[in-house]
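K.L.:
Below are the sequence and a predicted model for it; my questions follow.
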Amino acid sequence: MSDVQDRIREDQKAAMKSGDKVRLATLRLISNDLKNRQIELGRPLEEADFVEVLSRARKQRRESEEQYRSGGRQDLADREAVEAGIIQEYLPEPVDPARLDEMIDAAIAESGAAGPADMGKVMGRLMPQVKGRVDGGELSRKVRERLS
């Protein structure tokens, strides 16, 4: 059992005791997602696997939140936002925007990227460094701006 799974299990107990139904439901869902991923892989999860599963879950919540807002369902959008925030607690700390800009500049220089056509080279260098710590869409937008 990993630290993340232990922490989720302990937080589930605490949520159960305090009656925090949204937190409890969210933790149960991500615990299930982690267990399913472990079964798929047929081995214990590694740090990268946790980040992948949790990032995917957070991204799903954020996309649902957007759809609910555009559909005029503020109550459901708010719940999705809360769930995304709960999941974020188990992901690595986000990269500081200034540090991210430095990383983008370094990746552009290392890859020799000259324009938007070289975006894949830059993203390929950056994603392993920032996985789970930066929203992929935001990163893509910043890289595209720099290469334009």
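P.N.:
It's in. Residues are numbered from 1 along each chain as shown.

K.L.:
what residues go with each domain of this protein?
P.N.:
3-88, 97-147 (automatic domain parsing).

K.L.:
Ends of the first one, what's the gap?
P.N.:
By Cα to Cα, to the nearest Å, the extent of domain 3-88 from end to end equals 16 Å.

K.L.:
cool, the last one as well?
P.N.:
Start-to-end span of domain 97-147 (Cα to Cα) is 18 Å.

K.L.:
Can you give the distance of that domain from its chain's centre?
P.N.:
Mean-position distance between domain 97-147 and its chain equals 17 Å (Cα atoms, centre = their mean, to the nearest Å).

K.L.:
mind checking the SS state of the residue sitting furthest away from the middle of the chain?
P.N.:
Residue farthest from the centre of the chain, counting by Cα atoms, centre = their mean, is Ala114 at 29.1 Å. Using DSSP: H, G, I helix; E, B strand; the rest coil, the structure places Ala114 in coil.

K.L.:
Next, count neighbours for Arg146.
P.N.:
Neighbour count of Arg146, defined by other Cβ atoms under 10 Å: 16. In this view, the C-beta of every residue, glycine as well, is placed from N, C-alpha and C.

K.L.:
That should have said Leu45, apologies.
P.N.:
Using other Cβ under 10 Å, Leu45 has 19 neighbouring residues.
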